[in-house]
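S.K.: Pasting a predicted model and its sequence here:
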Amino acid sequence: MLKFMSFTLAILLLLTACNSESSEEQQSPEEDSNLIEEGSENAVEEQTDDEETVYIDLSTFFMPDTSTATFLGEGNEYASFTLRTVYMDDQHIATYEDNGGTVMLKVYRVGENAVELVKEQTEFYEDFVASSEELEALQPIRTYLTLPLEVGTVIENWTVTETDATGETPFQKFKNAIVLESEETENAMNKTYFAEGYGEVKREFRMQEEGQEEFVVTSVLESVEIE
């Protein structure tokens, strides 16, 4: 009887040892470490993706509030102009462009992903006044800017062609300027340079007729004064 119990105990000890070795083979400490490292890498990748998402405040593509910018023009008598900018509320910005012949009022609505032109009127010689309700009631006329501001983005009849251009102006040299181009005809092209903190800093119109010298009209930022 004692021999039988000893034999049975030996069998049980052997089975227990085999089960322990089987468990270690199924999930070794090294494998656990690999799983932890893989999980950490995934977390780092997710964090990196989040860090790459950069928020752009589209209101920075306008001149400062209560500022008057002077643009020096060449090639046309109306290429020189002044641009007065007024922030009407958190979403609406009004600009008054005076080229000596007329004053053009434009009102923009700034959203998270786009800027829309909601009012445009020539021969506007007074300050535009409107309540918040009246501003909200204005209907979009066209899209002025939209995200992402990267090469290839199409905004109405404009296309982003550069995001790291240099805008040479009498005011300063703007690096990392965003360039939008619009083809008016087969031989005519408009180009606008945008810089953060100022908005439009340079405009170009180029037309090349066959057998004729290229016709160029430019308007470049010369000064900015804030009231």
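M.R.: Okay, I see it.

S.K.: from here on, contacts and neighbour counts on C-alpha atoms
M.R.: Will do.

S.K.: Which secondary structure state does Arg206 sit in?
M.R.: For Arg206, the assignment made with DSSP: H, G, I helix; E, B strand; the rest coil gives strand.

S.K.: Spatially nearest residue to it (excluding sequence neighbours)?
M.R.: Nearest residue to Arg206, sequence neighbours excluded (CA to CA, 6 or more residues apart in numbering): Val216, at 4.6 Å.

S.K.: Using PDB, write out the CA atom coordinates for the helix or strand that contains Asn190.
M.R.: Using DSSP states H and E, Asn190 maps to strand 188-195. Output for strand 188-195, consisting of C-alpha atoms alone and laid out as PDB, is shown next (Å, rounded to 0.1, in the frame of the first residue of the first chain):
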ATOM      1  CA  ALA A 188      -3.200  85.400 -68.400                       C
ATOM      2  CA  MET A 189      -2.400  84.400 -64.900                       C
ATOM      3  CA  ASN A 190      -3.100  85.800 -61.400                       C
ATOM      4  CA  LYS A 191      -0.900  85.000 -58.500                       C
ATOM      5  CA  THR A 192      -1.300  86.000 -54.800                       C
ATOM      6  CA  TYR A 193       1.200  85.600 -51.900                       C
ATOM      7  CA  PHE A 194      -0.200  85.000 -48.400                       C
ATOM      8  CA  ALA A 195       1.900  85.300 -45.200                       C
END
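
S.K.: who does it pair up with?
M.R.: Strand 188-195 has the following sheet partners, assigned by DSSP bridges: strand 173-185 (antiparallel), strand 199-207 (antiparallel).

S.K.: list the buried ones in the first one?
M.R.: Which is strand 173-185. Neighbour counts over strand 173-185 (16 or more other CA atoms under 10 Å) mark Phe174, Asn176, Ala177, Ile178, Val179, Leu180, Glu181, Ser182 as buried.

S.K.: ditto for stretch 93-104
M.R.: Along stretch 93-104, the positions that meet the burial threshold by neighbour count (16+ other CA under 10 Å) are Ile93, Ala94, Thr95, Tyr96, Glu97, Asp98, Asn99, Val103, Met104.

S.K.: Filter those down to the ones in strands?
M.R.: Secondary structure defined by DSSP state E assigns Ile93, Ala94, Thr95, Tyr96, Glu97, Asp98, Val103, Met104 of the buried residues of stretch 93-104 to strands.

S.K.: Of the residues you listed, just say which sits nearest to Ile155.
M.R.: Lowest distance from Ile155 to these (CA to CA) belongs to Ile93, with 19.2 Å.

S.K.: now stretch 193-208: mean pLDDT?
M.R.: Looking at stretch 193-208 alone, the average pLDDT works out to 97.

S.K.: tell me how far that stretch is from the chain's mean position?
M.R.: Relative to the centre of its chain, stretch 193-208 is centred 16 Å away, using CA atoms, centre = their mean, to the nearest Å.
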